[in-house]
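Chemist: need a 3D model of the following:
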Amino acid sequence: MQVACFSTKSYDQEFLSEALEGSTHDFRFLKPELNHDTVVLADEAEAVCAFVNDNLDRPVLEALKVAGIRSVVLRCAGFNNIDLQAAKDFGIRVARVPKYSPYAVAEHTIALVLTLNRRIHKAYNRVRDSNFSLEGLIGFDLHGRSFGIIGTGEIGKVLASIVAGFGCRVLLYDIHPDESLTSIGEYVGLDELLRQSDIVSLQCPLNEHTHHLINRSALESMKPGAMLVNTSRGGLVDATAAIACLKSRHLGGLALDVYEEESGLFFNDLSAQVIQDDVLTRLITFPNVLITSHQAFFTTDAMKTIAATTVQNLDQLAAGGEVLNEVKLDNK
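Modeler: Here you go, the predicted structure:
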């Protein structure tokens, strides 16, 4: 198939090109994000390859239908950026990469926790300036602390195993508990998890039920001084409410790899521009906030799996039969 691939960076092209060797698919790599203004770039393609911040709402999908496109492959696990009802209405089949490397995201979560807790980023910059003082760099032992994990899918399971290895008390919450985790953690209600955890990590999907799951009320119910980590989806956290709780010092630390309004910001070099997002710029000013640019997934292992699964999805869509990783309306 002729495939218009949006939001392409050099690394996307590298891994996808490698996965395409021997394939009959022809990719046209496009730098812009897919949205109302750029959808015209998909003309003459048979399929679209999209990423996490591409906009596949009803008008965009209608434009794809008019262009004759009947297949969309998402090179990510999340599908909250696509209107599945519209896709069904327009006869557009959608496939995703349901899992790639849960270790990549779980390990990055721990990297954020350790960096923020032990002030590694600040220590690194100090030493580069020949400042070897320890003032203001004190952290706490993870051993013996309560670590709450909201969402115990593949990533949550790996994370639970890692933090158990640190000697943490592992608290778990999921609407579908996994009994295999009861040997290393304890399932509790969401309110109890928030009240008892020294660190809370979000590993759940974003949908109409979880949007702003961590709102002002949830933040205020957390243990005073606790740390919140989000390596899942930006919309899980009400960032404005988080700022209020940081200002009141109720929230002890915030580590984000995702942000609700990250589209157009993350994955891009904007160092020579003035950032117009006042919430993000305010968050960056806090000394107890650590933000990375949606890189938790970004390992060679994960990228190879994402590329290979994307090509496999295209093969199955082109064949017109069953698609193993198809996303349907009833998946939501």
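Chemist: hey, let's count contacts and neighbours off CA atoms from now on
Modeler: OK.
Chemist: all helices for the stretch 201-332 of the chain, in order.
Modeler: For the stretch 201-332 of the chain, the helices defined by DSSP state H, counting those that start in this stretch cover 216-221, 239-247, 278-285, 300-319.
Chemist: got TSV for the ones you listed, with mean pLDDT too?
Modeler: Shown next, in TSV, are these (pLDDT from 0 to 100):
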stretch	mean pLDDT
helix 216-221	98
helix 239-247	98
helix 278-285	98
helix 300-319	97
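Chemist: between these, which one is closest to I110.
Modeler: Among the helices of the stretch 201-332 of the chain, the nearest to I110 by C-alpha to C-alpha is helix 300-319 (17.1 Å).
Chemist: list the residues that contact the residue nearest the centre of the chain.
Modeler: The centroid of the chain falls nearest to S232 when counting by C-alpha atoms, centre = their mean (3.9 Å). Listed by C-alpha atoms under 8 Å, 6 or more residues apart in numbering, the contact set of S232 reads L202, Q203, C204, P205, D257, V258.
Chemist: do you know how far it is from D89?
Modeler: Distance of S232 to D89, given as C-alpha to C-alpha, to the nearest Å: 29 Å.
Chemist: over to Q13?
Modeler: Q13 is 31 Å from D89, where distance means C-alpha to C-alpha.
Chemist: show the pLDDT at D330.
Modeler: pLDDT for D330: 73.
Chemist: check contacts around L74.
Modeler: C49, A50, F51, V52, V94, A95, R96, V97, T310.
Chemist: could these go into a markdown table alongside distance to V66, secondary structure and neighbour count?
Modeler: Converted to a markdown table, these look like this (distance: C-alpha to C-alpha, whole Å; DSSP: H, G, I helix; E, B strand; the rest coil; neighbours: other C-alpha atoms under 10 Å):
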| residue | distance to V66 | secondary structure | neighbour count |
| --- | --- | --- | --- |
| C49 | 17 | strand | 28 |
| A50 | 18 | strand | 24 |
| F51 | 21 | coil | 21 |
| V52 | 23 | coil | 19 |
| V94 | 17 | strand | 27 |
| A95 | 20 | strand | 27 |
| R96 | 22 | coil | 24 |
| V97 | 26 | coil | 23 |
| T310 | 24 | helix | 23 |
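Chemist: just those now: which is nearest I214?
Modeler: The shortest approach to I214 among the contacts of L74 belongs to V52, at 20.9 Å (C-alpha to C-alpha).
Chemist: so Q203 makes contact with E154?
Modeler: No - taking contacts as C-alpha atoms under 8 Å, Q203 lies outside contact range of E154: 9.1 Å.
Chemist: higher neighbour count, the two?
Modeler: Legend: neighbour count by other C-alpha atoms under 10 Å for Q203 and E154, higher for Q203 (26 against 15).
Chemist: from C76, how far off is the nearest residue to the more buried one once chain neighbours are set aside?
Modeler: Closest residue in space to Q203, ignoring its immediate chain neighbours: G151 at 4.8 Å, by C-alpha to C-alpha, 6 or more residues apart in numbering. Separation of G151 from C76 (C-alpha to C-alpha): 18 Å.
Chemist: please apply the same query to I284.
Modeler: With distances taken as C-alpha to C-alpha, I284 is found 26 Å from C76.
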